[in-house]
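> Based on what follows, work out the 3D shape:
(one chain, ligands or ions: 3)
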Amino acid sequence: MKIKIENFNPARKKTEMLGGFVLENSDKILGLNNISSKISSSVKQSLKDLNGEMGKIVVIPTNNKVPAKRIVLAGIGKKEKITNDTIRFVSGKIAQKANELKLKEFSIITPSNSVIETVSATSQITEGCKMALYKFEKFKSKKEGLSPDLSILVSKSNKVSKAIKDSEIISDGVIFTKSIANLPPNECAPTNLASFAKTMAKKNKMKCTIFSKNELEKKGFGGITAVGKGSKNEPKLIVLEHNCGSKNEKPIVLVGKAVTFDTGGISLKPGDKMDEMKFDKCGGCTVLGIMKAVSELRLPLNVVGIVPSVENMPGGESYRPGDIIKLYNGKTAEILNTDAEGRLILADALSFGEKQYSPKAIIDFATLTGACIIALGTNVAAIVSNNERLKQKIKESSERTSEEVWELPLNDDYMDMIKSDVADMKNIGIGRAAGTITAAAFLRNAIEETPWVHVDIAGVAWTQVATKSKPYNPKGATGFGVRLILDYLQKF
Ligand code: BES
Ligand code: MG
Ligand code: ZN
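Ligands and ions are numbered 1, 2, ... in the order given. A predicted model of the protein is given here:
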């Protein structure tokens, strides 16, 4: 999909489909002052029918009375209710319509500055359209592969051009994350994931180090090694480094859980929906997508991405309930459920990240607990943190990107819930109480004092039954977290 900016009078634009936004109860297309009198009657009727209802669209054929072949009106609701997601959402709808009609190109009129700030609007149009046109069809014999080009009609400025370029990179990061996260587990074992990371890093001239099973054992990554034992697909630790900050500046470390398939191991999961555990690598895929975009945006920062990757399988070599293992930081953990594997591999990665890089901040992403879905549902991620300032920054980015987060508490009483009789910690809490927090408490033990935010994306990483439908999140992985963290890093 190619995107270009045009400083064109929309009424004169020759295009297959001309899209414009309409406020509730309004009879005007935003940004279009004079609808040609030749077709104004049919447009007027459609505007009335649409009534600017948020998310609704109407296509009007113009019968060659104006240069545009079709006009598509897209409702954006009441002005007071417009959020940072409104234009992204509705643009996605328009793009999908263009796709459905098999158009080669379409155009969208940027709404006027008084309704939504122009630069932000063009970013949202870009992201909404690009993301909505992604489709996971690698394994379909018959591919749609449609990718209509888009003209954004807006008065040109350097700011607008930059916003669109950046948004294209950000959307490509999200699409990269989705396209590996959607891969089936037989096509994406830890070794495959590592090689995707390597290829991407090479293209973007980023440093990439892969730790093999032997190296992980030797270096004391007891969590990754234990969980990885049950599968003949060996574990890997992927480390990407983007060094565009000043030399002595401490980096920001991003960590992502990449369990390429989570059967639960010896504590085997029930069969129902087990296939969805191919998405247990989404945290790691999010980190890879962020790193790709960070390097393409050439952000003047030092950022490190760390992705521990394993397959959690039952077998004669598997780790077991009752085992006591030693994590990277020397602390011991009693295993009481092999299905609580994410925290073990993340603990190693977090301790390694802190020790190796002395970072300014650590942010981790993980499809960590089913309890998170019970607590917050499938549209909001849980965050747990040890640092007020960092947490606040993430919340602000969440507001701007509409990737929603909600904070859960973590005090000493929760830390006590994972104390073990025979080791420093146990890998589950007490019964099902506060499952998301006790998992975070385990992670908290892996770092000393570095500002840290943990993001549990179990509910939001892929579309589930209760997921709010969004045109830019078609079925499958959502890439949650990529836009959130890129916003945070861009504001740094
Ligand atoms: N990957 C799962 C968490 C999960 C389950 C995410 C369903 C999304 C949907 C994780 O490894 C896990 O199995 N967690 C257990 C922890 C429990 C044994 C303490 C869980 O949530 O049941
Ligand atoms: Mg598990
Ligand atoms: Zn898991």
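
> Report the buried residues of the lengthiest helix in the chain.
Identified as the longest helix of the chain according to DSSP state H is helix 158-181. Of the residues in helix 158-181, 160, 163-164, 166-181 count as buried by neighbour count, 16 or more other Cβ atoms under 10 Å. (Each C-beta comes from the backbone N, C-alpha and C, glycine too.)

> Same question for stretch 39-56.
Buried, per 16+ other Cβ under 10 Å, within stretch 39-56: Ile39, Ser42, Val43, Ser46, Leu47, Leu50, Gly52, Glu53, Met54, Gly55, Lys56.

> Just the C-alphas of it, formatted as CSV.
In CSV, the C-alpha atoms belonging to stretch 39-56 read as follows (Å, rounded to 0.1, in the frame of the first residue of the first chain):
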residue,chain,number,x,y,z
ILE,A,39,-24.6,15.5,-7.1
SER,A,40,-25.5,17.4,-3.9
SER,A,41,-29.0,16.0,-3.7
SER,A,42,-28.0,12.4,-3.4
VAL,A,43,-25.2,13.3,-1.0
LYS,A,44,-27.6,15.3,1.1
GLN,A,45,-30.0,12.4,1.4
SER,A,46,-27.2,10.0,2.3
LEU,A,47,-25.9,12.4,4.9
LYS,A,48,-29.3,12.5,6.5
ASP,A,49,-29.5,8.7,6.5
LEU,A,50,-26.1,8.3,8.0
ASN,A,51,-26.7,11.0,10.7
GLY,A,52,-22.9,10.8,11.5
GLU,A,53,-23.3,7.7,13.5
MET,A,54,-19.9,6.6,14.8
GLY,A,55,-18.4,3.7,12.8
LYS,A,56,-21.2,3.6,10.2
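
> Tell me how far that stretch lies from the chain's centre.
34 Å (Cα atoms, centre = their mean, to the nearest Å).

> SS state for Cys372?
Look at Cys372: counting by DSSP: H, G, I helix; E, B strand; the rest coil, its state is helix.

> tell me the contacts of it?
Applying Cβ atoms under 8 Å, 6 or more residues apart in numbering, one finds that Cys372 lies in contact with Ala381, Ala382, Gly435, Thr436, Asp456, Ala458, Gly459.

> Tell me who's in contact with Val460.
Neighbouring residues of Val460 by Cβ under 8 Å, 6+ apart: Thr378, Asn379, Val380, Ala381, Glu403, Glu404, Thr467, Thr478, Phe480.

> quick one: contacts for Pro148?
Met1, Glu16, Ala95, Ala98, Asn99, Leu103, Lys104, Glu105, Phe106, Leu133.

> What residues does the stretch 251-400 of the chain have near ligand 3?
Residues of the stretch 251-400 of the chain lying close to ligand 3 (Cβ under 5 Å from the ion) are Val259, Asp262, Asp280, Gly342.

> Relative to Leu150, which of these is nearest.
The closest of those to Leu150 turns out to be Asp280 (Cβ to Cβ; 34.4 Å).

> about what we covered before: and the contacts of Val460, which are buried?
Thr378, Val380, Ala381, Glu403, Glu404, Thr467, Thr478, Phe480.

> now, which of these lie within strands?
Among these, the members falling in strands (DSSP state E) are Ala381.

> ok, now how distant is Gly19 from Asn473?
Shown here: Gly19 relative to Asn473, a distance of 20 Å by Cβ to Cβ, to the nearest Å.

> Same drill for these two, tell me which one is more crowded.
Each of Gly19 and Asn473 has its neighbours counted (other Cβ atoms under 10 Å); Gly19 has more, 31 against 23.

> which SSE is the more buried one in?
Assigned by DSSP states H and E, Gly19 belongs to strand 18-22.

> For that strand, name the packing helices and strands.
For strand 18-22, the elements it packs on are strand 70-75, helix 86-100, strand 105-109, judged by 3 or more Cβ pairs under 8 Å, 6 or more residues apart in numbering; DSSP states H and E.

> by contact count, what packs against the following helix or strand past that strand?
Counting by DSSP H and E, the element after strand 18-22 in chain order, helix or strand, is helix 40-50. If you count contacts as 3+ Cβ pairs under 8 Å, 6+ apart, helix 40-50 packs onto strand 57-61, strand 70-75.

> Need the winner for burial among those.
Ranked by mean neighbour count, those are led by strand 70-75 with a mean of 23 (mean count of other Cβ atoms under 10 Å).

> Show residues contacting that strand.
Contact with strand 70-75 is made by 16-22, 24, 29, 39, 43, 46-47, 50-62, 90-91, 93-94, 97, 101, 106, as judged by Cβ under 8 Å, 6+ apart.

> and the angle for that strand with strand 105-109?
With axes from the mean of the first three to the mean of the last three Cα atoms, to 10 degrees as the basis, strand 70-75 and strand 105-109 are set at 50 degrees to each other.
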